[in-house]
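In: Predicted coordinates and the sequence they were generated for:
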Amino acid sequence: MRDRHLAFVSPTAAAARQSGLGVAHRLPGARLVPVSLGRYARDPRAPLRIVLCPAGGSLDDDLRFLREARRAILWPPPAAEVWNAIAGLRGSHDSPPERAAAAPERSGLRSALLLEGDVTLDRARRAASSGAPRDWIVERVQRVRIASNGLEELRRLGIRWATLEPVEVIALVASPALESARSRWRSLLPRDIPVWRLARGSKFQVSSSK
């Protein structure tokens, strides 16, 4: 049975709680977990299904939040052929996620490094200096215990992350300004993501859907 827990992820836990109150009626039966982005990225028990809820204070702040969410938690699954190889090693019969099969930019990948358990910056640096492949796969994003500056250091070394338990974005709660600026965040989020629009003049009142 699918887990009914669903995280509302915002810049702060308070913003997540307010946003959840505005859209809870859209998610009957779901158990809503309001959480800040920073806390979500560190909690290994956090639900993998989320609603992204920028605070709606300004367009620049909302775009900054979405860029940080992409960097910190929205990592893709491995390419399908790599997923199948790992499943074989683990004795699993699970099929790869649809996102893995539909990722042509990652197809043809011949080697990757599987990092099980917690990944610290020291461990990552050792792996990077050992000549290991630059495509790294972790169990889930919360097992990577590396701050923003450490992730940026690894990015400059060519490290590309993937995860066996990718976060699934159910919807984006957006202000009218953010919704109108879709071209500026389209590449950060999954295609055709539902947008739950915030009404003008009311920070967390949902007026319509798309």
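Out: Done, it's in. Residues are numbered from 1 along each chain as shown.
In: make it CA atoms for all contacts and neighbour counts henceforth
Out: Fine.
In: Look at the most centrally placed residue in the chain and give its secondary structure.
Out: Nearest to the mean C-alpha position of the chain, by Cα atoms, centre = their mean, lies L74 at 2.4 Å. Classification of L74 using DSSP: H, G, I helix; E, B strand; the rest coil returns coil.
In: what's the pLDDT at it?
Out: Looking at L74, its pLDDT is 96.
In: before we move on, what about A16?
Out: 89.
In: tell me which residues in the helix or strand it falls within are buried?
Out: In the assignment (DSSP states H and E), A16 maps to helix 13-23. For helix 13-23, burial by neighbour count (16 or more other Cα atoms under 10 Å) applies to A13, A15, A16, R17, Q18, S19, G20, G22, V23.
In: Report the distance from it to the chain centre.
Out: 19 Å (Cα atoms, centre = their mean, to the nearest Å).
In: Quick check: what element follows it along the chain?
Out: Heading C-terminal from helix 13-23 (DSSP H and E), you reach strand 31-36.
In: Now the residue nearest to the centre of the chain: closest residue in space, sequence neighbours ignored.
Out: Nearest in space to L74, with sequence neighbours left out and distances taken as Cα to Cα, 6 or more residues apart in numbering, is V167 at 6.1 Å.
In: Is the closest residue to I193 other than its chain neighbours in a helix, a strand, or coil?
Out: Once flanking residues are discounted, I193 sits nearest to A171: 5.8 Å by Cα to Cα, 6+ apart. Following three-state DSSP, A171 is assigned to strand.
In: now A171: how far from A147?
Out: 26 Å (Cα to Cα, to the nearest Å).
In: Compare those two and say which one has the larger neighbour count.
Out: Just comparing A171 and A147: by other Cα atoms under 10 Å the higher neighbour count belongs to A171, 20 against 11.
In: The more buried one touches V195, doesn't it?
Out: Yes: using Cα atoms under 8 Å, A171 makes contact with V195 at a distance of 5.8 Å.
In: that older thread, pretty sure the residue nearest to the centre of the chain sits against P166.
Out: Yes: the pair L74 / P166 is scored as a contact, 7.1 Å apart, by Cα under 8 Å.
In: what comes up buried for the helix or strand E152 falls within?
Out: Using DSSP H and E, E152 sits within helix 148-156. The neighbour-count check on helix 148-156 (16+ other Cα under 10 Å) flags G150, L151, L154 as buried.
In: pLDDT weak spots in this protein?
Out: Low-confidence segments of the chain (pLDDT under 70): 1-3, 83, 87-110, 198-210.
In: And the helices in it, which stretches?
Out: Using DSSP state H, the helices of the chain run over 13-23, 37-42, 59-72, 80-90, 98-101, 121-129, 148-156, 176-180, 182-185.
In: Kindly reformat these as TSV containing distance to A112.
Out: Output for the helices of the chain, formatted as TSV (distance: least, Cα to Cα, whole Å):
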stretch	distance to A112
helix 13-23	36
helix 37-42	23
helix 59-72	20
helix 80-90	8
helix 98-101	14
helix 121-129	12
helix 148-156	15
helix 176-180	36
helix 182-185	29
